[in-house]
Structures are given as C-alpha cells and as structure tokens.
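**Student:** structure, please.
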Amino acid sequence: MIEKKIIVNLQQGLHARPAAQLVSRVTLFNSDISIGKNGKFVNAKSIMGVMSLVIAKGEEVTLTANGIDEQEAIAFLEQFLLEERG
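**Tutor:** Got it, this is the predicted structure:
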C-alpha cells in the first residue's frame, strides 16, 4: 500500500468537471484507490464520494492505493492534482 500527501493545485479545486475526469481515469486502475481530506476518506472511483470532499486549491489531501498498479495510480493522481487547470 502507498500513501502520499499532496497540496492540490487545481485552479478551481476538484469541482464537477475535474472530479469527473479524475474518476473516469482512476477507474482504469485495478488497485483500490482512496482520496482523503481532514481524516475523511472516499473511494476515488466514486464521483459522489470525490465531490463530497469539496477539495479546494491549496488544500492538503492524502492519496492511498493498494494493488498491482498502485505506483502508477498514485503517480497519475499526483500529476492530475498538481496541474494548473482552468
């Protein structure tokens, strides 16, 4: 299992469009993947779960992945959440 903390750099945070993009890509990984904020963790493959965290730019999140492609999953999540998107 891999766990990594990062600061989200998405311009508008993880609102509807980037959340949907993230979930659609994360579902391609076989690993169990979670994203958490302030001690609350949700399945990163669930759009409702991800949106329920209300993640804004500059907030710290914890990413976890457990499975055969966990390293690739964490690398993708980190890159996605650190990009400056409009």
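**Student:** so where's the longest helix in the chain?
**Tutor:** With DSSP state H setting the assignment, residue counts place helix 70-82 as the longest helix in the chain.
**Student:** ok, residues contacting that helix?
**Tutor:** Applying CB atoms under 8 Å, 6 or more residues apart in numbering, the contact partners of helix 70-82 are 1-2, 4, 6, 8-10, 14, 18, 21-22, 25-26, 29, 31, 33, 35, 44, 61, 63, 65, 67. Any C-beta I mention is one placed from the backbone N, CA and C, and that applies to glycine too.
**Student:** now a ChimeraX select for only the buried ones of those residues.
**Tutor:** To isolate the buried subset of these in ChimeraX, counting by 16 or more other CB atoms under 10 Å, use the following:
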select :8,10,14,18,22,26,29,31,33,35,44,61,63,65
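**Student:** among the contacts of helix 70-82, which are located in strands?
**Tutor:** Using DSSP state E, the subset of those located in strands is I2, K4, I6, I33, I35, V61, L63, A65.
**Student:** out of those residues, which comes closest to M48?
**Tutor:** Nearest to M48 among the ones in strands among the contacts of helix 70-82 is I35, at 12.7 Å by CB to CB.
**Student:** report the beta-bridge partners for the closest one.
**Tutor:** Per DSSP bridges, the residues bridged to I35 are V42, L63.
**Student:** I figured it hits I47, correct?
**Tutor:** No: counting by CB atoms under 8 Å, I35 stays clear of I47, with 11.9 Å between them.
**Student:** OK, contacts around the closest residue to S46 other than its chain neighbours?
**Tutor:** Spatially, and ignoring its direct neighbours in sequence, S46 is nearest to V23 (7.0 Å; CB to CB, 6 or more residues apart in numbering). V23 makes contacts with A44, K45, S46, I47, V50, as judged by CB under 8 Å, 6+ apart.
**Student:** are any of those residues buried, and which?
**Tutor:** For the contacts of V23, buried by 16+ other CB under 10 Å: A44, K45, S46, I47, V50.
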